[in-house]
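Student: next input, structure requested:
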Amino acid sequence: MIRILASVFALAALPVLADDHDGGGFGMAGLLSGSNKQDLPPITLSTGMPLAQAPLTLKSGTYYEIEIEADGSQELALVGPEFFRAIWIDEIVIEGLEIRPLGLDSVEFDEAGVMEIGFVAIKPGRYEIRVPGTTGETQRLDVVIE
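Tutor: Numbers count the residues shown, from 1 in each chain. The predicted structure follows:
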């Protein structure tokens with residue numbers, strides 16, 4: 001009993017660790033730290049326009065944010081179940097509303113808008129995100145997770 005009390009008092013005497021906002025403490029670590037975050041070029045959903053300028057190469061274990069922008073020219077969706085199962089989605093933000101899904105198969109825009117997805121690349125491999133029902137190269141985005 002005395003040892004337990006001594007341990008409790010020893011723990012109480014330790015300094016309180018600062019939060020992540022003042023730079024003096026430990027703060028957020030690893031995957032969700034600011035130093036591990038990268039912004040990706042946006043995906044554009046517009047009739048007859050390419051989804052992106054170039055394929056994406058991601059690094060497993062890195063946190064990414066990507067915006068998907070739809071101009072409202074047509075009701076358009078993106079599918080990529082294999083890709084979405086190779087990442088961990090932290091949040092989806094639509095007009096300031098944050099959604100924290102357990103998984104994702106596709107997204108669809110009925111009108112103009114912007115969606116931001118924050119995620120961690122997990123499973124290395126080659127994946128694609130595409131507009132469903134299309135076969136054109138510009139309607140597909142190739143993604144490699146290294």
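Student: could you pull out the strands in this protein for me?
Tutor: Using DSSP state E, the strands of the chain run over 37-39, 43-45, 56-58, 63-70, 76-79, 87-94, 97-99, 106-109, 113-121, 125-130, 140-145.
Student: in a markdown table, list those strands along with mean neighbour count and mean pLDDT.
Tutor: Every residue, glycine included, has its C-beta placed from N, CA and C. Shown next, in a markdown table, are the strands of the chain (neighbours: other CB atoms under 10 Å; pLDDT from 0 to 100):
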| stretch | mean neighbour count | mean pLDDT |
| --- | --- | --- |
| strand 37-39 | 12 | 94 |
| strand 43-45 | 21 | 95 |
| strand 56-58 | 18 | 98 |
| strand 63-70 | 18 | 97 |
| strand 76-79 | 20 | 96 |
| strand 87-94 | 16 | 96 |
| strand 97-99 | 10 | 95 |
| strand 106-109 | 16 | 96 |
| strand 113-121 | 19 | 97 |
| strand 125-130 | 17 | 97 |
| strand 140-145 | 18 | 97 |
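Student: show the contacting residues for the residue nearest to residue 92 when sequence neighbours are not counted.
Tutor: Ranked by CB to CB, 6 or more residues apart in numbering and with sequence neighbours excluded, the top spatial neighbour of residue 92 is residue 99, at 4.4 Å. Counting by CB atoms under 8 Å, 6 or more residues apart in numbering, residue 99 touches 91-93.
Student: state the distance from residue 99 to residue 125.
Tutor: From residue 99 across to residue 125, the span is 25 Å (CB to CB, to the nearest Å).
Student: what sits opposite the closest residue to residue 126 other than its chain neighbours in the beta ladder?
Tutor: Distance criterion CB to CB, 6+ apart; nearest residue to residue 126, sequence neighbours excluded, is residue 144 at 5.4 Å. With DSSP bridges as the criterion, residue 144 is bridged to residue 57, residue 126.
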